[in-house]
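[1] Here is the input, now give the coordinates:
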Amino acid sequence: MQDTGIPPLCTPAAGPLSGLRVVELGQLIAGPFAARTLADFGAEVVKIEPPGAGDPLRQWRMLKDGTSVWWQAQSRNKRSLALDLREPEAQAIVRQLATEADVLIENFRPGAMEGWGLGPEALLALNPSLVMLRISGYGQTGPYRDRPGFGVVAEAMGGLRHLTGEPGRVPVRVGVSIGDTLASLHGVIGVLLALHHRHTTASAAMPKGQGQVIDVALYEAVFNCMESLLPEYSAFGAVREAAGSALPGIAPSNAYRCRDGYAIVAGNGDSIFRRLMQCIGRADLAADPTLASNAGRVAQVQMIDAAIGDWAASRTVSEVLAALEAAHVPAGRIYTVADIAADPHYAARGMLQQTPQADGSTLALPGFVPKLSVTPATYRRAAPALGEDSDAVLREMGLKDEQIANLRSRGIVA
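    Residues are numbered from 1 along each chain as shown. The predicted structure is shown next:
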């Protein structure tokens, strides 16, 4: 690799992405979640935030000592560089970082990066090996590209919102920002694909290989998870509608009321269905040839749901689950976060990470997914304070203390 004289952004750490340099721009959820996923697996992530308030996520939902605990989950393993991207000198710093970076992630509205002189044409000219992930509501092209887009709108446009809720009632949103998260994960997949392509195109003329731009639209990430929605409409003109807690066209799979709550029961495999019917005392349904396949069960789903519901109604959730576990029928309870925090399986799988914080306390954060046997993800540092690493990153770029002080005095760096 060519020696440019610019030191690494930070000390490499263990992980499959150790040594990968990532510059994160943007805010809130989609772009930062993608960057955090890369950081968890060893990438060196420098997050660029505006001076003053920083990423708005710092103040979203519940605060501890003035900072959102969500921020601690979203920004672990990152460093923070506070730059005012409206200023040409800040833009020049980003260009220098991009020159040595492997990946740049942004989730601004299309055109914002170009307005700062940081679009793909400019950055790839400086670093042809750069992988640039761009996440936006509607993508970088098309008639809707300039519309502001949030995940909740993308969930509606992608077809998800129409399917949630009870039939005939107002569609409800999923209780988390699922549209942003799906876009983030598609973005991570795109980054890894692009890095593989870069590796395969390495040559003497381009030692690190060819970079490229990844264009992820929030609504497309949602739509990509809509299973058979489009082919069913294409083939049959069928418009899938909301079905409450049931799984349309697959039976039985539903939530059933018990004496003290609900149990989720998925008895939709042929042999599983027979075991389920035996378990609930309905051997007649287990032996019914018209119910031997999914198509027959779907035709009589109301009758089957009623049989399961009658059996469950006289039992507690624990009693239902114990009986179904003994019968090898997939079933489960509906967890609250209190259930999650107390569950021994979550703990055994390392999904409840007790992480040290700057004030000496600990905070439970979600563990790492996926789990790699040789190069697992690691928790290396807590989420940074705003601009915590500004001086260190700028010094690593070669700036002198007097230059940094000058930038600080004019509010370009914080």
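
[2] Just the strands from the protein, written as ranges.
    For the chain, the strands defined by DSSP state E occupy 21-24, 44-49, 63-64, 67-68, 78-82, 103-106, 131-136, 212-217, 253-258, 261-266, 331-333, 352-356, 362-366.

[3] ok, residues contacting stretch 368-377?
    Stretch 368-377 is contacted by residues 14-16, 40-42, 349-350, 353, 378 when judged by CB atoms under 8 Å, 6 or more residues apart in numbering. Heads up, the C-betas are built off the backbone N, CA and C, glycines and all.

[4] Which of these fall in helices?
    Secondary structure from DSSP state H places D40 of these in helices.

[5] Now render the contacts of stretch 368-377 as TSV, adding pLDDT, distance to H162 and neighbour count.
    What follows is the contacts of stretch 368-377, written out as TSV (pLDDT from 0 to 100; distance: CB to CB, whole Å; neighbours: other CB atoms under 10 Å):
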residue	pLDDT	distance to H162	neighbour count
A14	72	44	12
G15	91	40	21
P16	96	38	14
D40	97	33	22
F41	97	35	22
G42	97	40	22
R349	96	34	13
G350	95	37	13
Q353	93	36	15
T378	94	40	15
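
[6] Same list (the contacts of stretch 368-377) but as a markdown table, adding distance to N254.
    Below are the contacts of stretch 368-377 laid out as a markdown table (distance: CB to CB, whole Å):
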| residue | distance to N254 |
| --- | --- |
| A14 | 45 |
| G15 | 41 |
| P16 | 40 |
| D40 | 35 |
| F41 | 37 |
| G42 | 42 |
| R349 | 27 |
| G350 | 32 |
| Q353 | 34 |
| T378 | 40 |
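
[7] wait, what's in contact with I105?
    Per CB under 8 Å, 6+ apart, neighbours of I105: 22-26, 31, 34-35, 132-133, 135, 187, 191.

[8] at 10 Å what do you get?
    Neighbour list for I105: 22-26, 30-35, 38, 45, 47, 131-135, 184, 187-188, 191, 214 [criterion: CB atoms under 10 Å, 6 or more residues apart in numbering].

[9] L276 too?
    Shown in contact with L276 (CB under 10 Å, 6+ apart): 252, 265-269, 282, 285-286, 304, 307-308, 311, 323-324, 327-331.

[10] Pull out the buried residues from those.
    252, 265-268, 282, 285-286, 304, 307-308, 311, 323-324, 327, 329, 331 (16 or more other CB atoms under 10 Å).

[11] which residues does E325 contact?
    Counted by CB under 10 Å, 6+ apart, E325 has contacts 331-332.

[12] quick one: pLDDT of it?
    We have a pLDDT of 97 for E325.

[13] gap between it and V172?
    Separation of E325 from V172 (CB to CB, to the nearest Å): 30 Å.

[14] G398 too?
    Going from G398 to V172 by CB to CB gives 53 Å.

[15] ditto for T362
    Where V172 is concerned, T362 sits at a distance of 34 Å (CB to CB).

[16] Taking the chain centroid, which residue in this protein is the extreme one?
    The C-alpha centroid of the chain is most remote from D284, which lies 45.2 Å away (CA atoms, centre = their mean).

[17] can you pull the contacts of that residue?
    The contact partners of D284, by CB under 10 Å, 6+ apart, come to 277, 291, 307.

[18] same thing but 8 Å
    Residues near D284 by CB under 8 Å, 6+ apart: M277.

[19] For it, give me the pLDDT.
    D284 is assigned 97 on the pLDDT scale.

[20] Look up how far D65 lies from it.
    D284 is 62 Å from D65, by CB to CB.

[21] same check, this time on F368
    Going from F368 to D65 by CB to CB gives 25 Å.

[22] Who has more neighbours out of these two?
    Per other CB atoms under 10 Å, whichever of F368 and D65 has more neighbours is F368, with 18 against 9.

[23] Got phi/psi on that one?
    When read as degrees, to the nearest 10, the backbone of F368 gives phi -100, psi 140.

[24] just the one 5 residues further on next, same as before
    Summarising the backbone geometry of S373 under the convention degrees, to the nearest 10, its torsions are phi -80, psi -30.
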